[in-house]
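In: here is my input, please return the structure:
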Amino acid sequence: MEPSHRLIDYYLPPGEGFLLESVVATTYQVDFEFVEEELLAAALGVRSPAHRQKAFRSELESRLQKTEVSVLYDLSGCDRLARLSPRIDAIPIVRPKLHSKISLLMWVRESTDSETPPDRRIRLIVGSANLTRQGFRHNYECVVSIDFGGTNISPRSLLLTAIGLVQQIGNESQSPQLARQLAEFSRQASILSEGVTGPETPLALVSAREVVSAIRNSWAVVSTERPETVTVVSPFWPEGSTAALALTDLFKRLGPPAHLELVCVGEKSADGRSWLPVFDGNVAMELKKRLDSRIYLRPALPEKAAPQSIQNAEEKGDETEEQEFATRVGGSHVKESESQRVLHAKLILVDGTAGSVLYIGSSNCTRLGLGLGGTSVNSEAGFVYRLAPRQRKQLKGLFEFAGPPTEVNADHVPPTISPKIEDEAFSPAFLAEVVASGSVLTIRFRDAVPSDLVILMPIPAKADDPGYWLLYRREADVSIPNELVTIDLTSCPRCDEHLVHFPDEGSGQHVQPHVYVEVRCQGCRVNFPVRFDDKTQLPLLLAGRKPTESEILEHYLFGKEPEDTDDGSGVLHDSHDDKKTDAPVDTRRILAYFIRQFVQAIPGIEAELRWANYSRPSLDAALRGPTSPLALAERVFASLTMPPTINEPKKTPTAVGFQLTEILASLLRCRSGIADPALQDCFEPVVDRCRKMLSTLVAQEVELQTEEFRRYQSRILGDA
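Out: The predicted structure follows:
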C-alpha cells in the first residue's frame, strides 16, 4: 500500500472488493471503544455513524460475524475494559510483559470464476503504537506496514517470524479462535513465494534480546569503522543506580559512536520558558564520564497549529514498565495554539558515511526493552533495516519532532526533568481466563487467589440496572479452589452493588452472559474479559433476542435485518399487538401463506450460502449465525411447542416436517456445490443438527410416520 501518515489507513482493504477475514493483534494497552468504533468500523466498512448507537452496533456485529478478531494485550497495561462486542476475543497476557505491537490482517476477495480460488492478501504491521486513540491520533509513533500476496514480493520470512512471535505470546491461551487464525495465517504464508529482500524492505523482524546484536551485525556489513552518529529515540530510559552502566554497555556494543544523540520526551520547564528533556541528568553526566563520545539530549517538541490533536486526559496512551506516561503533558503553561503530542516512537539509527542501520519497533531503551542486563525481557518486536547512503534523505522526516540538542558535560548536571515513577496498578494475574458457553461460565485460575476475592458479572439489560450475578466469593475459611470453577447463570445467585442478595426469580428466563466480569479484591476493582468460543449462539446485540421465524424469512426474502424491540428481558414486545389490521383477513395467520413465504425464501438461503463460501468465518456465520438456516430450523422445530404470535401461525407437524426437510435439502445442495473440503466440513454440524431435529419430530408425530411422508422425504433427500 501507499505510505500514509494516518495509522488507521493501514487497516483499510488493499483493494476494491476485499473483505476483512481475520485480525490478530498484540498490544500493551488497548482501548476497545476505539478499536470497535473507529479501527474495526473503518476496516469493515461500517457506514452507520457511531452516534446512531443501535444501527451502528447492529451493522458492526453483522460484519463481525464474518470476521475473526483476536486482541492480545497486557493485563497490567489495561485498567479500563470497555469492550462491547462478544465477537472479539480479548486475550489478556500476564508474563512476560506484552509490549510488542504486531497486527496480522487477512483480506479475501471472491473470484468471479468458480474454478479460481479466492484471492487473499496479508498485511503485517509492526511499530510502537498501541491500539488506543492516543496512539493512533495524538502521539509521535513509528509504524511499518508490509503486504504479502498478489504482486507483492515481500520476504516471506518476515511474516513467518511475526506469526511465530504471536504464537509464542499466546501459548498459554486456550482460545480456539486464536489457534484457528494463526493456523490459517501459517497456511497462507506457506503458499507464498520466498520473496525478495530489497533496499526498501527490512532485513529482519527481531525480539527484545535480538535488537542490539542485529543492529551490530548489520553495521558490520556496512562498515568496519565505528559509526559517526548513533541516535536513539525512546520515551523511557533505564533508571536506578546502574542505569549509566546499562547505557554504557549498550553504546559500546553499538560503536561507540563519535556523536550520540538521545531523543527524549519533552516537557516545559517550571518557568515555562524552555522545553526540557525528560531524562535523569545524573545518569547523563555519568554516561559522559564513561564514554568518549559527544553526547546530546534532545526533547521532543509539541506539534504546532493542530487543535484537533489536543490530548484528552481520558484518552490514555502507553505506560512505562510501572506507570502510564500520558499524564506528563498538559499544564497551565501550554498555549492554546500548541497541541501536546507525546513522544512514543522507538527508533535506533546507527549512521556513517558508508550507510545506515535503522531499528523501528516497540523496544524502549530500557533493560527490559533491549535486554540490557537481567534475566527477563519484555515481549517486543521491531524491524531492522540496512540503508545505503542515497537513502539517508528518507530518514530526515523521522526526527523532525526532536528539539535543539543540549550537550552533556562530565562536570555538571544538564538541565532536565527527572522521570516520575509510580507504583504498578493492581491486575488480577491469578485469573487465566473466563469462558462462556451458553449460560455456563468456566473460570480458570493460574495462581492462588486472594482471600477476599469476589467475582461478579453485570446482568446485561437496556432498562434499569438489574444488578450482578455473584459468580464466586471466597470466604476466609474456605480452601483455595481447584483450577476450574464452573457456574450456570440460570441458577447463579444475584446481588446488588453491595453484594446484597436478590430473591430468586426462578428458572426459564433467557440468560445472556456479559462480555466481562468484575474482579474485587485487596480494595481494588478491575474488569476481566469473557471469551465466547461459540459465537454462533450470540444474538445480534448483547442485550437482544433471537430473531423470530418471520424475521429470518424476511431476511432471506428482502435482506431485512431483524428488529430488536425488546427491553433486555428476553420477552418480545410486538408494537402491533394493540393495532387492528385494515385488511379483512390477516393472511399472516393463514398457514398456507406462511409456508409459501418459506418456500420463496429458499433461493435466498442458497444464494447467501453460495456468496459466503469464500472463507470459513463467513460460511460459519451464514450457516449458524442469528439469521442462518440452522437458526431458522431451530425456530421451526420449536414452533410446535410455542403459542402462535401475530406473525407466526400455529404450526402442524406436517408443516414443520416439510420445512425441516426443505432446509436440510437446501443445505445438502449447497454443500455439493463447494469443492473445498475444509469449507464442506462447515456443513457437517449443521446438517447433523437438522437431521436429528427431523428424526426426533418424525418419531414423536404419528402423522409423519405415514408412507406418503416417507416417500416425500426419499424423493427430496434421497439416500441422505
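In: any weak-confidence spans in the stretch 501-650 of the chain?
Out: By pLDDT under 70, the low-scoring segments of the stretch 501-650 of the chain are 505-510, 543-544, 563-590, 646-647.
In: all helices for it, in order.
Out: 549-558, 591-612, 616-624, 629-638 (DSSP state H, counting those that start in this stretch).
In: dump the ones you listed into CSV; add distance to residue 223 and mean neighbour count as well.
Out: For every residue, glycine as well, the C-beta is placed using N, CA and C. Converted to CSV, the helices of the stretch 501-650 of the chain look like this (distance: least, C-beta to C-beta, whole Å; neighbours: other C-beta atoms under 10 Å):
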stretch, distance to residue 223, mean neighbour count
helix 549-558, 66, 20
helix 591-612, 56, 17
helix 616-624, 49, 23
helix 629-638, 65, 21
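In: for those, which one sits closest to residue 677?
Out: Residue 677 lies closest to helix 616-624 among these, at 11.7 Å (C-beta to C-beta).
In: can you state the direction angle for the closest one and helix 629-638?
Out: On the basis of axes from the mean of the first three to the mean of the last three C-alpha atoms, to 10 degrees, helix 616-624 is oriented at 20 degrees to helix 629-638.
In: what's the spacing between helix 616-624 and its chain's center?
Out: With C-alpha atoms, centre = their mean, to the nearest Å as the basis, helix 616-624 stands 20 Å off its chain's centre.
In: of all the helices of the stretch 501-650 of the chain, which lies closest to residue 155?
Out: Using C-beta to C-beta, the nearest of those to residue 155 is helix 616-624, at 27.3 Å.
In: other SSEs contacting the closest one?
Out: strand 19-27, helix 591-612, helix 629-638, helix 677-680, helix 683-700 (3 or more C-beta pairs under 8 Å, 6 or more residues apart in numbering; DSSP states H and E).
In: what's the last one packed up against?
Out: The one in question is helix 683-700. Partner elements for helix 683-700 (3+ C-beta pairs under 8 Å, 6+ apart): helix 616-624, helix 629-638, helix 653-672.
In: please apply the same query to the second one.
Out: Under the contact criterion of 3+ C-beta pairs under 8 Å, 6+ apart, the helices and strands touching helix 591-612 comprise helix 549-558, helix 616-624, helix 629-638, helix 653-672.
In: what's the closest of the ones you listed to residue 366?
Out: helix 616-624 (38.7 Å).
In: sorry, back to before: for the helices of the stretch 501-650 of the chain, which one sits closest to residue 120?
Out: Nearest to residue 120 among the helices of the stretch 501-650 of the chain is helix 616-624 (12.0 Å), distances taken as C-beta to C-beta.
In: now the closest one and strand 19-27, what's the angle there?
Out: Using the same axes, to 10 degrees: helix 616-624 against strand 19-27 is 120 degrees.
In: quick one: contacts of helix 616-624?
Out: For helix 616-624, contacts defined as C-beta atoms under 8 Å, 6 or more residues apart in numbering pick out 19, 21-22, 65-68, 184, 536, 608-609, 611-613, 628-631, 667, 678-679, 682-683, 685-686.
In: please put the alpha-carbon coordinates of it into PDB.
Out: Taking C-alpha atoms only, helix 616-624 is exported to PDB below (Å, rounded to 0.1, in the frame of the first residue of the first chain):
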ATOM      1  CA  ARG A 616     -14.600 -20.300   6.700                       C
ATOM      2  CA  PRO A 617     -15.700 -17.400   9.100                       C
ATOM      3  CA  SER A 618     -18.100 -16.100   6.500                       C
ATOM      4  CA  LEU A 619     -19.600 -19.500   5.800                       C
ATOM      5  CA  ASP A 620     -19.800 -20.400   9.500                       C
ATOM      6  CA  ALA A 621     -21.800 -17.200  10.100                       C
ATOM      7  CA  ALA A 622     -24.100 -17.800   7.200                       C
ATOM      8  CA  LEU A 623     -24.700 -21.400   8.400                       C
ATOM      9  CA  ARG A 624     -25.000 -20.900  12.100                       C
END
